[in-house]
Structures are given as structure tokens and as C-alpha cells.
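Q: Here is my input; please provide its structure:
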Amino acid sequence: MVFAHLDDAERYESLHPLFHQLFEYVKTHDLSAAEPGRITLDGERLFINIAHPELRSAENQKLEVHRRYIDVHFPLTGDEVCGISRLADVGVASDAPFDESGDFALYSEPAQNYFTARPGTFYIVWPEDAHAPIIGEGKIVKAIAKVLMEEP
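A: Coordinates of the predicted model:
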């Protein structure tokens, strides 16, 4: 997992060939004004989902994991708490078998650690990072980028 400020994104671009394109797009577009939906940057390899979620309590937010995609979360209009656990340390089975088509599994276990992400920051979660985003109160606008793990 990486948690950083967007001003420092260049430091993390070497972690994936598509990160430069993603960070440049986020830095040069006002996504806080975008309507909910998908912004496609490179087909199924790189896209951004704009969401306007109602934040939830930590008790009501499950850990999630992905296998095919790296998530890069950008809170745009308010603070968001995210829970994080190392998937290998999650002590319960997933709530249901891994959903291959949706690329996710959910776990009903509290996260081991929590942090607060604010506008101007981002966090990157890999398949080994079980994460519980959108924790807090109120409603925010956020962007969630999906970056394909496998490179052709």
C-alpha cells in the first residue's frame, strides 16, 4: 500500500507503466466536478470510476480485495477514512467465493489499521492489500482508478 500526496506522485510512477498516464490525467482534470461514472483512459487496462458515495461507519464497511486490478483512490471533496489489512493476515474466509467477473471478494473482519485520506492525497492498494474505503460521515466525491496488473 502507498499513501501519498498528489504533488509527490512522480515518485511512484515507476511502480507501474500506466501510473504516469493516470497521475497526469488526475492532475490536469477537475474530477471533483465530474458526474458519477467511468472515464476510460486505456480500455480495460486503465480507467477511473467517479463515485459520490455516502460514507459509512467502520463497523458497516467490509474489507475488499482485487486480483486483476490495482486500485488508486483519490478523495476529491472531503475526508475519507480507509481501513487496511494485509490479506495474508485476515483471519476469516471471504463472505462468498471470489467474484472473477467483478474482480473482488469481501471479508467481514475489522481492518487492522486506519488512516484518513484528504483531497490532494491518494492511496494505492495492490491485491495483497485488503481495504475498507469510504468510512466517515457525510458524502464525498472520489475517483477510483483501476490499473490492470498484467502488462502485455
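Q: Quick one: distance of stretch 69-78 to the chain centre.
A: Averaging C-alpha positions (Cα atoms, centre = their mean, to the nearest Å) puts stretch 69-78 5 Å from its chain's average.
Q: now I144, what's its secondary structure?
A: strand (DSSP: H, G, I helix; E, B strand; the rest coil).
Q: That one: what's it in contact with?
A: Counting by Cβ atoms under 8 Å, 6 or more residues apart in numbering, I144 makes contact with I48, N49, A51, D71, V72, H73, F74, P133. C-betas here are computed from N, CA, C, even on glycine.
Q: if you look at those residues, which of them are in strands?
A: Counting by DSSP state E, those place I48, N49, A51, D71, V72, H73, F74, P133 in strands.
Q: what's the burial count for the fifth one?
A: The one in question is V72. Other residues near V72 come to 25 when the count uses other Cβ atoms under 10 Å.
Q: related to what we said a few turns ago, give me the buried entries from the contacts of I144.
A: I48, A51, D71, V72, H73, F74, P133 (16 or more other Cβ atoms under 10 Å).
Q: can you tell me how far the second one sits from I39?
A: Yep, that's A51 we're talking about. 12 Å (Cβ to Cβ, to the nearest Å).
Q: Then the fifth one?
A: Noted for H73: a distance of 15 Å to I39, by Cβ to Cβ.
Q: again with the last one
A: Shown here: P133 relative to I39, a distance of 18 Å by Cβ to Cβ.
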